[in-house]
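> Below: sequence and its predicted model.
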Protein chains: 2
Amino acid sequence: MPQPPAPRKATGRPPRISREEVIGTARRIVDADGVDRLTMRRLASEIGSTPMALYHHVRNKEELLVLLLDDYATRTLRRPELPDRPRERIVVAAAAIHEALATCPWIVEVLTADDLMSESALWFVEQIVDGLVACGLSPERAVHGYRAIWYYTAGEIVIRTTAARRRAEDDRTTYRERVFADLDPDELPRLAQVADHWAPLTAEDTYLEGLRALVDGLVATR
Amino acid sequence: MPQPPAPRKATGRPPRISREEVIGTARRIVDADGVDRLTMRRLASEIGSTPMALYHHVRNKEELLVLLLDDYATRTLRRPELPDRPRERIVVAAAAIHEALATCPWIVEVLTADDLMSESALWFVEQIVDGLVACGLSPERAVHGYRAIWYYTAGEIVIRTTAARRRAEDDRTTYRERVFADLDPDELPRLAQVADHWAPLTAEDTYLEGLRALVDGLVATR
DNA sequence: GTAAGTTTTTGTACATGTAAGAAAACTAGC
DNA sequence: GCTAGTTTTCTTACATGTACAAAAACTTAC
């Protein structure tokens, strides 16, 4: 793996491709044909190299996807105007991250891989932690609060995106539908009550409401 | 795919293996050697069949894993004593699901695949939805509240498990550590302030605190 | 020049999930 | 028995990520 801090040793066989070229070409493929079409072989051939050569610039395909997500975040995350009230500041910052990620449908494969820790995302993290501190949390509790918000946000995106993808590529009856079809109203009255509306209800986008509830709960002095 | 409701047509070539046998053998492999060692070829050979024969009993490997998780949930989920206060009931029910899933380290691959919708898990869902209604939410809002709790719970498990796995199999410096090493304290004062403790802070298990905050926020009349 | 050392590239090979279709093993109708 | 139909199993084949080792293309020391 190359060491950018070193001032270019100029020893060894000179590289024909660079990490940037790899990422850039991968981005083009993903933008054009979707993440499913991004294979190491195709990437290599489009870049004019061989599959294994790529592995000197990225550790493996997963890291490549993380780098792609980073690249995407750097290019599209714009810092919004933040309201004055700290509680609203938290909500707006988290919602901005959520929106950016939710419109990038292929992240699912990567989202769980690591925290969202690109340079450009840190500012949002800072705003959230700072907002929590402004609400009276200790720095430690603020970090925990940020983590909770991140769990909720990432979980929402991953689950909703996966569900949507599954619906798209598989129109057979899902297990869920079968289970909900014959609920015992005596044992599970509430679920039986909402069984008919379960699908539309869970399809609704309630990220913001949930986020608000979570933030409210986090900043409430208990 | 076989139709269990039909009373056994007894036509066509008689099956030599059953879905139950497939799941049972898969479970043994996973219990013995971990989910990584579960391959369709090995499963087939241990069952005394061929890989492609399995595909008449499970749709694909992902469905097999979902069925495995279902099986696991059915065997291990025990209904806890629930407190009277609805708010606490929600917390206890959600925490029970969380605990069962968190001790089953291989679920990550499946968790995002679908809701946790095995028969045995529905009772917990019922308790959560019912608890939310008892706190004054409409049935619709209660379902949304349950979804928020599920997003948070699944996100926590997926992210923490993936992070732990990554730490285990890769001791090289992570991207996160590098980013946190040189934070600009002027631009990101809060993060710089906690940078040293970030790793231990995020390693702490704060699921319950986050859950409590979320539930508090959900039931608070606003 | 040559030799040694370093880094990148390439070629080969393997494990894996699974698509496609042929074959096998049965039943029902004749 | 024979044929047609149905369901399950088996064979073959392919795409993919990537391990491993050899080769290539450099620099530096002599």
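Looks like it arrived, so ask away.
> Packing partners of the longest helix along chain A?
Ordering each helix of chain A by length in residues (DSSP state H) puts helix A:139-169 first. On a contact count with 3 or more C-beta pairs under 8 Å, 6 or more residues apart in numbering or on different chains; DSSP states H and E, helix A:139-169 meets helix A:86-102, helix A:108-111, helix A:119-134, helix A:207-219, helix B:139-169, helix B:189-194, helix B:198-203, helix B:207-219. Using the backbone N, CA and C atoms, a C-beta is placed for each residue, glycine as well.
> what's the angle from that helix to helix A:86-102?
30 degrees (axes from the mean of the first three to the mean of the last three C-alpha atoms, to 10 degrees).
> give the contact list for residue A:134.
A:86, A:89 (C-beta atoms under 8 Å, 6 or more residues apart in numbering or on different chains).
> Now the longest helix of chain A: buried residues?
The neighbour-count check on helix A:139-169 (16 or more other C-beta atoms under 10 Å in any protein chain shown) flags A:139, A:141-161, A:163 as buried.
> Next, the contact list for the residue nearest in space to the middle of chain A, please.
Note on chain A: the residue nearest the mean C-alpha position is residue A:111, at 4.1 Å, using C-alpha atoms, centre = their mean. Contacts for residue A:111 (C-beta under 8 Å, 6+ apart) come out as A:69, A:101, A:154, A:157, A:158.
> at 7 Å instead, please
Residue A:111 makes contacts with A:154, A:157, A:158, as judged by C-beta atoms under 7 Å, 6 or more residues apart in numbering or on different chains.
> which one among those gets closest to residue A:123?
Set against residue A:123, the nearest of the contacts of residue A:111 by C-beta to C-beta is residue A:154 (18.1 Å).
> Verify the contact between that closest one and residue B:157 for me.
No: counting by C-beta atoms under 7 Å, residue A:154 does not reach residue B:157; the two are 11.1 Å apart.
> Excluding residues flanking it in the chain, which one is nearest the closest residue to chain B within chain A?
Closest approach between chain A and chain B, counting by C-beta to the nearest C-beta: residue A:155, at 2.4 Å. The shortest distance from residue A:155 to any non-neighbouring residue, by C-beta to C-beta, 6 or more residues apart in numbering or on different chains, is to residue B:155 (2.4 Å).
> Can you give me the pLDDT of the one you found?
Per-residue pLDDT puts residue B:155 at 93.
> again with residue A:4
So residue A:4 comes in at 45 (pLDDT).
> Then residue A:10?
The model reports residue A:10 with a pLDDT of 74.
> residue ranges with poor pLDDT in chain A?
A:1-9, A:113-117, A:170-178, A:221-222 (pLDDT under 70).
> What residues does chain A have near DNA strand D?
Applying C-beta under 7 Å from any atom of the strand, we find that chain A lies next to DNA strand D at A:10-14, A:38-42, A:51-52, A:55, A:60-62.
> who wins for neighbours among the residues you listed?
Counting by other C-beta atoms under 10 Å in any protein chain shown, residue A:38 has the largest number of neighbours within those, with 21 neighbours.
> OK, contacts around residue A:22?
Applying C-beta under 7 Å, 6+ apart to residue A:22 gives the contacts A:47, A:54, A:57, A:58.
> Show the backbone phi and psi for the residue of chain A most remote from its centre.
Within chain A, the residue lying farthest from the chain centre (C-alpha atoms, centre = their mean) is residue A:186, at 39.8 Å. Note on residue A:186: backbone dihedrals following degrees, to the nearest 10 are phi -80, psi -40.
> What sits closest to residue A:58 if chain neighbours are left out?
Nearest residue to residue A:58, sequence neighbours excluded (C-beta to C-beta, 6+ apart): residue A:64, at 4.4 Å.
> Help me confirm that that neighbour comes into contact with residue A:26.
Yes: with contact defined as C-beta under 7 Å, residue A:64 reaches residue A:26; the gap is 6.0 Å.
> So for these two, which sits in the more crowded spot?
Comparing residue A:64 with residue A:26 by other C-beta under 10 Å, the one with more neighbours is residue A:26, at 25 against 22.
> Tell me who's in contact with the more buried one.
A:38, A:43, A:64, A:68.
> Inside helices: which ones of the residues you listed?
Among the contacts of residue A:26, the residues falling in helices (DSSP H) are A:43, A:64, A:68.
> since we're on the first one, how many residues are nearby?
Spelled out, that is residue A:43. Other residues near residue A:43 come to 23 when the count uses other C-beta under 10 Å.
> Show me how chain A divides into domains.
A:19-58, A:78-219 (automatic domain parsing).
> Is DNA strand C within reach of the last one?
What that stands for is domain A:78-219. No: against DNA strand C, domain A:78-219 shows no contacts by C-beta under 7 Å from any atom of the strand, the least distance being 10.3 Å.
> if we can go back for a sec, please report how far the residue of chain A closest to chain B lies from residue A:81.
For residue A:155, the distance to residue A:81 equals 27 Å [C-beta to C-beta, to the nearest Å].
> Residue A:131 now?
The span separating residue A:131 from residue A:81 equals 14 Å under the rule C-beta to C-beta.
> Comparing these two, which residue is more hemmed in?
residue A:131 (29 against 5).
> Pretty sure the more buried one sits against residue A:85.
No: counting by C-beta under 7 Å, residue A:131 stays clear of residue A:85, with 8.8 Å between them.
> what touches both of those two?
By C-beta under 7 Å, 6+ apart, no residue touches both residue A:131 and residue A:85.
> helix, strand or coil for whatever residue of chain A ends up closest to DNA strand C?
When scored by C-beta to the nearest atom of the strand, chain A has residue A:12 as its residue closest to DNA strand C, at 2.0 Å. Secondary structure state of residue A:12, per DSSP: H, G, I helix; E, B strand; the rest coil, is coil.
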